[in-house]
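Asks: please find the sequence and the predicted model below.
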Amino acid sequence: MSIPIQAAQQVGPGSAIERAYAQSGLGQGGLGQTDGLGQGSFKDTLSRALGETQALQDQSSDAVQAFLRGEPVELHDVMAAVEEAGIALEMLIAVRDRMVEAYRTVVNMQT
């Protein structure tokens, strides 16, 4: 059903966007989690978002398969899982596109 995303680990409750935002610390006046050197952990946040997107895709695939097998699964739960996975994937693609655009801007500035 879905193309696997190589990812890190899952994170706590809430949607992928809420978790990435909460763990970035942007809502609390910070610039994100820091490692011992005071640098932001954008890599960790992105890894968690990848992991969560993969988990949502797996859950939606499992829900669809259970529904097709005739197990007692509500159709609205299946549709909600599929939509949530789709939205998380769209968000991840948008972040990727922004990162590529920023990279190209930096490269163009250097020439």
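Replies: Thanks, I have the structure now.
Asks: quick one: D97 from V82, how far?
Replies: Distance from D97 to V82, counting by Cβ to Cβ, to the nearest Å: 23 Å. In this view, the C-beta of every residue, glycine as well, is placed from N, C-alpha and C.
Asks: compare the two (neighbour count), which wins?
Replies: V82 (19 against 10; other Cβ atoms under 10 Å).
Asks: give the next helix or strand downstream of the worst-scoring helix or strand of the chain on mean pLDDT.
Replies: Ranked by mean pLDDT, DSSP states H and E, the weakest helix or strand in the chain is helix 16-24, scoring a mean of 55. Per DSSP states H and E, helix 16-24 leads on to helix 42-68 as the next helix or strand towards the C-terminus.
Asks: what packs against that next one?
Replies: Contacts defined by 3 or more Cβ pairs under 8 Å, 6 or more residues apart in numbering; DSSP states H and E place helix 42-68 against helix 16-24, helix 75-110.
Asks: can you list those in CSV and add distance to Q65?
Replies: Listed next are these as CSV, based on distance: least, Cβ to Cβ, whole Å:
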stretch, distance to Q65
helix 16-24, 22
helix 75-110, 10
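Asks: could you identify which of the ones you listed is most buried?
Replies: Mean neighbours per residue, mean count of other Cβ atoms under 10 Å, is largest over the helices and strands packed on helix 42-68 for helix 16-24, with a mean of 17.
Asks: okay then, goodbye and thanks.
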